[in-house]
Every structure is written in C-alpha cells, then in structure tokens.
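# Predicted model and sequence below, questions to follow.
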Amino acid sequence: MGIDTIELYRRCIEQRIVIVPGALFTNTHRYGNCLRLSAGGRWTPEREQALRTVGRIACLMAGSPANATG
C-alpha cells in the first residue's frame, strides 16, 4: 500500500525539502503513494543528505526502521 505522499510532502516541507506527491499528476486516487523527485543541478552532499532525510521520514511514516548507516 505505501505511505501517503501528501503527508510526506508536508513533513519534508518542514525540513525545507520539496518533493512532489504523485497525486498531483492524476485526477484519480491511484498514485497517492508515489512521488516525483527532480534534481536539475549538480549532485552535492547537501542534496544527498536531503534525499536521506526524505527516506528517514518515509521510513518513520511506514513504521520501518531507518537504515542505521545512512
């Protein structure tokens, strides 16, 4: 089933990280557990950390332990 990516979006915004919930790309409820990531610039340590933060938040929402090493 996955997690509600609109809620994930809200939690990420609190951390100043922007993701796009899949629900914005459809007029049905099919993609509520999907998201779109976009990085138009160079890959940086800051972007890597932001993506790790998104993963940690998603794991917390799903009730799964986040990877202790990253």
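Great, that's in hand. Numbers count the residues shown, from 1 in each chain.

# helices or strands next to the helix or strand of the chain with the lowest mean pLDDT in the packing?
None of the helices or strands of the chain scores lower by mean pLDDT, DSSP states H and E than strand 35-36, at a mean of 88. Under the contact criterion of 3 or more Cβ pairs under 8 Å, 6 or more residues apart in numbering; DSSP states H and E, strand 35-36 touches helix 5-14, strand 20-21. Where you see a C-beta, it was placed from the backbone N, CA and C, and this is true even at glycine.

# Could you check the helix or strand just after that strand and say which residues are buried?
Once strand 35-36 ends, the next helix or strand along the chain (criterion: DSSP states H and E) is helix 45-62. Neighbour counts over helix 45-62 (16 or more other Cβ atoms under 10 Å) mark 50, 53-54, 57-58 as buried.

# any idea of the angle helix 45-62 forms with helix 5-14?
140 degrees (axes from the mean of the first three to the mean of the last three Cα atoms, to 10 degrees).

# who touches helix 45-62?
2-4, 7-8, 11-12, 15, 17, 19, 37, 39, 41, 65-67, 70 (Cβ atoms under 8 Å, 6 or more residues apart in numbering).

# For the spatially most central residue of the chain, give its distance to Leu8.
Nearest to the mean C-alpha position of the chain, by Cα atoms, centre = their mean, lies Val54 at 4.4 Å. With the distance defined as Cβ to Cβ, to the nearest Å, Val54 ends up 7 Å from Leu8.

# Report the set of residues contacting both of those two.
Shared contacts of Val54 and Leu8 (Cβ under 8 Å, 6+ apart): Ile19.

# How far does stretch 25-36 stretch from one end to the other?
By Cα to Cα, to the nearest Å, the extent of stretch 25-36 from end to end equals 9 Å.
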